[in-house]
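Q: Let me see the structure of the following:
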Amino acid sequence: MPASTVRKRSRSRITGAAALAVGASLVLAACGSTGDTAGGRGGGTGRVGVILPLLTSPFWQSYNDYVPRMATSEGVEVLKTVNSNSDPAQQITDIGNELTQGVAGLVVAPLDSAAVQAGLDQAERKGVPVVAVDVAPDRGKVAMVVRADNAAYGEKACDYLGEHVRDGKVVQIMGDLASVNGRDRSEAFRTCVRRKYPRLKVLEIPAKWESDTAAAKLDTLLNANPDIKGIYLQAGGVYLAPTLQTLKSKGMLRKAGHKGHITIVSNDGIPQEYDAIREGRIDATVSQPADAYAKYGLFYIKAAMEGRTFEPGPTDHHSTIVRLPSGILEDQLPALLVTADNVDDPELWGNAAR
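A: The predicted structure follows:
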């Protein structure tokens, strides 16, 4: 299903204090709120702070653009978004600043799965609910995590490379391993290769979501391994441009279908990746739903401010709520593999965002 189809699905509503079952397993419980209880002090009203991890990535730029639009459609009053600029310590300060402004709820995209606990603890002490977007915290209280299945990202990339490369060396340019996203994608990719495609040899570049680091380490790796046949980019927003530039500088950037083409699979679903697929410079990407991140991040924070709670199970927007080992609930949104066959689908948010 196209990644942005979730925008077009209606949600089941909760009325009064009754709980409605979605399918047979998702229960939305409308809990009574009290003035001193986190997740209910605003009665569903009040200003919401939205904290971004960075704005140097086209993915997060798109998410930032969607926030005010989705706030209007969800009936949420949001403050101007705050950019933590890739600094986990700054993100904790940003959370504190938003709490000082008296927000009734927070939507945060954590930079560091462990470090963000300090900010979550501040919010809990003030009775302010938090929804985490894109990254699940290792510890700390959040009402919901809104996130695509990151293990599926690594598995889809593995399957695409395994089916198209068959044997030889492939590289995965990893994200920050302090983030659960980087860990999930990396482990899923290498586990899938080991289990299903043993003729592939995986080389790894830990790049911490940094474009300069990715470019420098890829350059060094290609010098030592000029026979690389495939590359997995865990974040097209930061790794696409430096990867293509590095390959071009070495005379190794050849179009799909031409001899010597290096098969490239990415993650994000930004317009630049779609252009690269159309031009044959890369082969596929897994679309991470920026629009749905904004939409459901705001939906769940409004629900938390109203005191509503959720249970694991399938939702009516084609996702599944799961309980993480930490006890936190996560709504795992669908993410579509995009190739030359479906890159022009107008339902993809990366096409709608142009």
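
Q: Surely Ala152 and Ala188 touch.
A: Yes: if you go by Cβ atoms under 8 Å, Ala152 and Ala188 touch, sitting 7.4 Å apart. (Glycine included, C-beta is placed from N, CA and C.)

Q: More neighbours: which of the two?
A: Shown here are Ala152 and Ala188; by other Cβ atoms under 10 Å, Ala188 has more neighbours (20 against 17).

Q: That one should be in a helix, yeah?
A: Yes: assessed by DSSP: H, G, I helix; E, B strand; the rest coil, Ala188 belongs to a helix.

Q: so it sits right up against Asp149, yeah?
A: No: using Cβ under 8 Å, Ala188 is not in contact with Asp149; the gap is 9.2 Å.

Q: quick one: low-confidence ranges for the stretch 251-354 of the chain?
A: 354 (pLDDT under 70).

Q: can you give me the helices for it?
A: Counting by DSSP state H, counting those that start in this stretch, the stretch 251-354 of the chain has helices at residues 271-278, 290-305, 349-352.

Q: Which one, of these, ends up nearest to Arg183?
A: For the helices of the stretch 251-354 of the chain, the distance to Arg183 is smallest for helix 290-305, at 19.3 Å, taking Cβ to Cβ.

Q: Give me the buried positions along that closest one.
A: Neighbour-count burial for helix 290-305, counted by 16 or more other Cβ atoms under 10 Å, picks out 290-305.

Q: pLDDT below threshold where in the stretch 1-150 of the chain?
A: Residues of the stretch 1-150 of the chain that meet the criterion pLDDT under 70 lie in 1-43.

Q: one step back: okay, the helices of the stretch 251-354 of the chain in TSV with distance to Val238 next?
A: Listed next are these as TSV, based on distance: least, Cβ to Cβ, whole Å:
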stretch	distance to Val238
helix 271-278	11
helix 290-305	14
helix 349-352	16
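
Q: Which residue ranges of the stretch 1-150 of the chain form helices?
A: With DSSP H, counting those that start in this stretch, the ranges of helices along the stretch 1-150 of the chain come out as 58-74, 88-100, 117-125, 150-165.

Q: so which of the buried residues of helix 290-305 would you say is closest to Ala235?
A: Ala290 (12.6 Å).

Q: returning to what we had before: which of the helices of the stretch 251-354 of the chain sits closest to Pro110?
A: helix 290-305 (12.3 Å).
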